[in-house]
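Sequence plus the predicted model coming up.
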Amino acid sequence: MNSKRKDLFWNIFLVVFLLSVAAGIYASSKKVDYIWRWNRLPQYVVYKDIQEVRAPSDGIVSVSGKTVKITPPGSRSTPVLLENVKGISVRNGDTVFEGDVLAKNESYKLGPLLTGLLITLEISVYSIFFAIIIGVCTGLARISRNPFLKKLAIFYIELIRGTPLLVQIFIFYYFIGTIFNLGRMTAGVMALSVFTGAYIAEIVRAGIQSVHKGQMEAARSLGMSYTVAMLLVILPQAFRRTLPPMAGQFISLIKDSSLVSVISITDLTKSGREIVASTFSPFEVWFTVAALYLVLTSLLSYLVQLLEKKMSAQDK
Amino acid sequence: MIKATDVVKIYPNGVKALKGVSLEVAPQEVLVVIGPSGSGKSTILRALNLLEEVQDGEITIDGESLTHPKTNINKIREEVGMVFQSFNLFPHKTVLQNITMAPIHVKKMKKTEAIQVAEDLLKKVGLSDKRDVYPGQLSGGQQQRVAIARALAMKPKVMLFDEPTSALDPEMIGEVLDVMKELAKEGMTMVVVTHEMGFAREVADRIIFMDEGMKIEEDTPEEIYQNPKSERLKLFLSQIL
């Protein structure tokens, strides 16, 4: 068998394998006493929001453009003007009574699953940003010759890596948050960035140390200071090498952000929990939540791959 | 131009790489340092711009002391160009950017001026057509010529060469040596650590032979080759020639 036909065989085998796993899951879910109600989910993704404008008083309607004028019976009373009304459903000359519907607006709004997704995205973006800053600074301190900086960095990294993130989130929210009067969002972002920063610091350190020592020597021999050599020569090269492990760390961060739901941030996970409470459909909800996380993380790794390709184009 | 007196280098593991080496280089002179591997010849060269910290002794370049604690070492390094065995070009920058980086960021030269300097230097080393490629796309010999141009862009008073041809394929050694000969002819002060005996004989004003961290002999090329005095130099020459 040539290798192409062998590949084809194994690819078909993979599809068959995955299909049978799916069939197995489906069959076993039939055995438990659970009614699947996928139809309940879409309203939590987007829903139709209906806003009605009702008549404030009795009278006769006259419509001009977006303005509705209601003239109450009897000549002495003053007409009521409603401006900028959309979706008007009454016509000129109609008689309305107080509480009648004058206009009906329909608009689509993001359901809790999508707003939760946006919160998760927001937390992740802020945390990644601060984690990079903390990580690069700590990574540089970690390889510094200054014992104060070096030991401080080691202490921070060991402290963070040695304690659970969940506990750190609690400490940031209940302890530090109380002292400095921080909101839950701030505390959550801080906990996540401080946590991820420690891991990024190690990645940055490894990246810098993987750049050949001759690069620093060449830069210094041209009269560059340590800082300039670091910024222009070492860090750009280290950055390219650390891109794949960094991407892994960022993906971890997006997933770890689900833990901030414990301090009542309505992120994707907390939204999921709330929807389960109102629908009693945990299977559907958690599968959907997982899929939404997968969308975020796949998007991120796709972007990093693009960046990697772009940067490696200069190499050879 | 360069004066080193009793330079001592001890590595943290206790190995004495230099046991009190003195040397002197006059302006426009070409000094070649030879010796077996581990003799300290690269260490003394690297000490001349303090890439290697020294524990004792004094080094002055153009009258300025390197070893004085108050010296701004970056300022002195601007005046001392260095070419490495492994080229050490910046792989993430183009050839032109490699050459203009230090003049722009260290000497604060205007970008247009730095590019002009770089283009002139590339012409000199015969690589004008390669200005916009990345080092990874060049052969070893071409990379080393770019490295020489990069060092020259700072308009140094002294050039140090640390085995510039040792990492090259044999057919590329010539092109690098030609550039160095050209430089020597123009009157550049040079210190060269090399195994290229032909080059040493042709270009050197003086040769220093080192072994085990000490200067064993110092003389003109003719004397070194035809009239070696120490046994160790005789042995070294018999092995290498």
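Looks like it arrived, so ask away.

Quick check: phi and psi at A:Tyr47.
phi -140, psi 160 (degrees, to the nearest 10).

ignore the last one, B:Ile104
phi -70, psi -50.

and stretch A:48-66, how far apart are its ends?
23 Å (CA to CA, to the nearest Å).

Give me the neighbour count for B:Tyr225.
Residues near B:Tyr225, counting by other CB atoms under 10 Å in any protein chain shown, number 16. Quick note: C-beta positions are derived from backbone N, CA and C, even for glycine.

per-residue confidence at the residue lying closest to it once chain neighbours are set aside?
Nearest residue to B:Tyr225, sequence neighbours excluded (CB to CB, 6 or more residues apart in numbering or on different chains): B:Arg201, at 6.3 Å. B:Arg201 carries a pLDDT value of 90.

Hmm, B:Thr220 and B:Arg201 touching each other?
No - the pair B:Arg201 / B:Thr220 is not scored as a contact, 10.1 Å apart, by CB atoms under 8 Å.

residue contacts, B:Met1?
Counting by CB atoms under 8 Å, 6 or more residues apart in numbering or on different chains, B:Met1 touches B:Val25, B:Ala26, B:Pro27, B:Glu29, B:Ile61, B:Asp62, B:Lys157, B:Val158, B:Thr189.

Now do the contacts for the third one.
Counting by CB under 8 Å, 6+ apart, B:Pro27 touches B:Met1, B:Thr189.

in what helix or strand does it lie?
Assessed by DSSP states H and E, B:Pro27 sits outside every helix and strand.

Backbone torsions only: list them for it.
The phi/psi pair for B:Pro27 (degrees, to the nearest 10) is phi -50, psi 140.

Ok, the second one next?
For B:Ala26, the backbone dihedrals (degrees, to the nearest 10) come out as phi -80, psi 160.

neighbours around it, how many?
12.

Quick one, grab the pLDDT at it.
So B:Ala26 comes in at 94 (pLDDT).

any idea how far it is from B:Met190?
Taking CB to CB, to the nearest Å as the measure, B:Ala26 falls 11 Å from B:Met190.

swap in the fifth one?
In this structure, B:Ile61 and B:Met190 are separated by 13 Å, where distance is defined by CB to CB.

Find residues that contact each of these two.
Looking at what touches both B:Ile61 and B:Met190 (by CB under 8 Å, 6+ apart), the common residues are B:Val158.

any idea how far chain A is from the nearest residue to B:Met214 once chain neighbours are set aside?
Spatial nearest neighbour of B:Met214, excluding adjacent residues (CB to CB, 6+ apart): B:Lys19 at 5.3 Å. Look at B:Lys19 and chain A: by CB to the nearest CB, to the nearest Å, they are 24 Å apart.

what's the answer for B:Val25, then?
For B:Val25, the distance to chain A - CB to the nearest CB - is 17 Å.

And the pLDDT for the nearest residue to that residue once chain neighbours are set aside?
In this structure, B:Val25 finds its nearest non-sequential neighbour in B:Ile2, 4.2 Å apart by CB to CB, 6+ apart. With respect to pLDDT, B:Ile2 has a value of 93.

How much space separates B:Ile2 from B:Val193?
B:Ile2 is 14 Å from B:Val193, by CB to CB.

cool, A:Pro282 as well?
From A:Pro282 to B:Val193 the distance is 73 Å (CB to CB).

still on that earlier bit, mind putting the contacts of B:Met1 in CSV, secondary structure included?
Below are those laid out as CSV (DSSP: H, G, I helix; E, B strand; the rest coil):
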residue, secondary structure
B:Val25, strand
B:Ala26, coil
B:Pro27, coil
B:Glu29, coil
B:Ile61, strand
B:Asp62, coil
B:Lys157, coil
B:Val158, strand
B:Thr189, strand
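
which stretches of chain A form helices?
A:3-31, A:42-45, A:112-142, A:147-161, A:165-170, A:177-180, A:184-210, A:213-221, A:226-229, A:235-256, A:268-279, A:282-312 (DSSP state H).

Relative to B:Asn13, which of these is closest?
helix A:213-221 (17.1 Å; CB to CB).

average pLDDT for that closest one?
For helix A:213-221, the per-residue pLDDT averages 95.

Which secondary structure elements does that helix sit against?
In terms of contacts (3 or more CB pairs under 8 Å, 6 or more residues apart in numbering or on different chains; DSSP states H and E), helix A:213-221 is packed against helix A:226-229, helix B:73-79, strand B:80-83.

most packed of the ones you listed?
When the helices and strands packed on helix A:213-221 are scored by mean count of other CB atoms under 10 Å in any protein chain shown, the highest mean neighbour count falls to strand B:80-83 (a mean of 26).

just how off-centre is that strand within its chain?
6 Å (CA atoms, centre = their mean, to the nearest Å).

again with stretch A:204-222
The answer for stretch A:204-222 is 36 Å, by CA atoms, centre = their mean.

Any chance you could list what contacts that stretch?
A:135-136, A:138-140, A:142-143, A:226, A:228-229, A:232-235, A:237-239, A:241-242, A:245, B:49, B:51, B:74, B:77-78, B:80-82, B:84, B:86, B:88-90, B:101-102, B:106, B:147, B:150-151, B:154.

List buried residues within these.
A:135-136, A:138-140, A:142, A:228-229, A:232-235, A:237-239, A:241-242, A:245, B:49, B:51, B:74, B:77-78, B:80-82, B:84, B:86, B:88-90, B:101-102, B:106, B:147, B:150-151, B:154 (16 or more other CB atoms under 10 Å in any protein chain shown).

How many residues are close by residue 5?
Just so you know, I chose chain A. 9.

sorry, should have said chain B
By other CB under 10 Å, neighbour count at B:Thr5 equals 15.

Now list the buried members of the contacts of B:Met1.
B:Val25, B:Glu29, B:Ile61, B:Lys157, B:Val158, B:Thr189.

longest helix anywhere in chain B?
helix B:170-185.

Up against chain B, what does chain A have?
Contacts of chain A with chain B, taken as CB under 8 Å from any CB of the partner chain, map to A:212, A:214-215, A:217-225, A:228, A:232-233, A:236-237, A:240, A:314-316.
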